[in-house]
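Asks: compute the structure for the input listed below.
(2 chains)
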Amino acid sequence: AAGVIQSPRHLIKEKRETATLKCYPIPRHDTVYWYQQGPGQDPQFLISFYEKMQSDKGSIPDRFSAQQFSDYHSELNMSSLELGDSALYFCASSWGLPLIPGANVLTFGAGSRLTVL
Amino acid sequence: SQQGEEDPQALSIQEGENATMNCSYKTSINNLQWYRQNSGRGLVHLILIRSNEREKHSGRLRVTLDTSKKSSSLLITASRAADTASYFCATDAGGTSYGKLTFGQGTILTVHP
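Replies: Have a look, this model is predicted:
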């Protein structure tokens, strides 16, 4: 079965550079979530989209932006990268309105590991 | 800020033994979920328990939820070396934020063959 696809899997950037991560949700999933997991840390919610509209926002820095496109894939754009942005970035997808109980068992991608030097 | 506190932080057992991990949370929830993560890899959903449920089983997994104590436990019976991973609980507050999970710090489980 198709899973959540994230690219690239690994990315190395210099400080102050820009990075873009992509996420392709499971077919027919209309909700996408982004999480950030620092080394030895638990995943932290960044932002989510439902039907191409932002549905919720967490601890996402102003230097980061994201969007969901008409084909439901999502991109996380990170600018002015800092050393502290080095982390594993997960995308997850689910089906259904965020308000429907039980519709929100998330399927996570394998993650994109960003290293900022 | 984290919602969940998990204990123990690390657990080392022998194959065939049972492993119990606990999770506490602070705010009201709609459901609580457990995830597994192999070293530096993706999160795999294991089981979801709703706030009106007290216990749930799935294969060798048993989850309990005590909303009065704001705590949950995950029991893995007859553990195998392949169960070695980090285990996270995650709470979903529901309301307008279904799917926005708040994760605990995780328990690192090592199962020795």
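
Asks: strands along chain B, start to end?
Replies: For chain B, the strands defined by DSSP state E cover B:5-7, B:10-14, B:19-24, B:31-37, B:43-50, B:55-58, B:61-66, B:71-76, B:85-92, B:101-103, B:107-112.

Asks: chain A now?
Replies: A:5-7, A:10-13, A:19-24, A:31-37, A:44-50, A:53-57, A:64-68, A:74-78, A:87-94, A:107-108, A:112-116.

Asks: what is the helix or strand of chain B with the lowest mean pLDDT packed up against?
Replies: Between all helices and strands in chain B, the lowest mean by mean pLDDT, DSSP states H and E belongs to strand B:5-7, at a mean of 77. If you count contacts as 3 or more CB pairs under 8 Å, 6 or more residues apart in numbering or on different chains; DSSP states H and E, strand B:5-7 packs onto strand B:19-24, strand B:85-92. For glycine as for every other residue, the C-beta is placed from the backbone atoms N, C-alpha and C.

Asks: CSV for those, including mean pLDDT, distance to chain A and mean neighbour count?
Replies: Formatted as CSV, those follow (pLDDT from 0 to 100; distance: least, CB to the nearest CB, whole Å; neighbours: other CB atoms under 10 Å in any protein chain shown):
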stretch, mean pLDDT, distance to chain A, mean neighbour count
strand B:19-24, 95, 11, 20
strand B:85-92, 94, 6, 24
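
Asks: show me where pLDDT drops low in chain A?
Replies: A:1, A:96-104 (pLDDT under 70).

Asks: from the centroid of it, which residue is nearest?
Replies: A:Trp34 (2.8 Å; CA atoms, centre = their mean).

Asks: for A:Ile47, see how far away that one is.
Replies: A:Trp34 sits 5 Å away from A:Ile47, going by CB to CB, to the nearest Å.

Asks: what touches both of these two?
Replies: Contact with both A:Trp34 and A:Ile47 is made by residues A:Ile60, A:Ala66, A:Leu76, according to CB atoms under 8 Å, 6 or more residues apart in numbering or on different chains.

Asks: that concludes my questions; thank you for your assistance.
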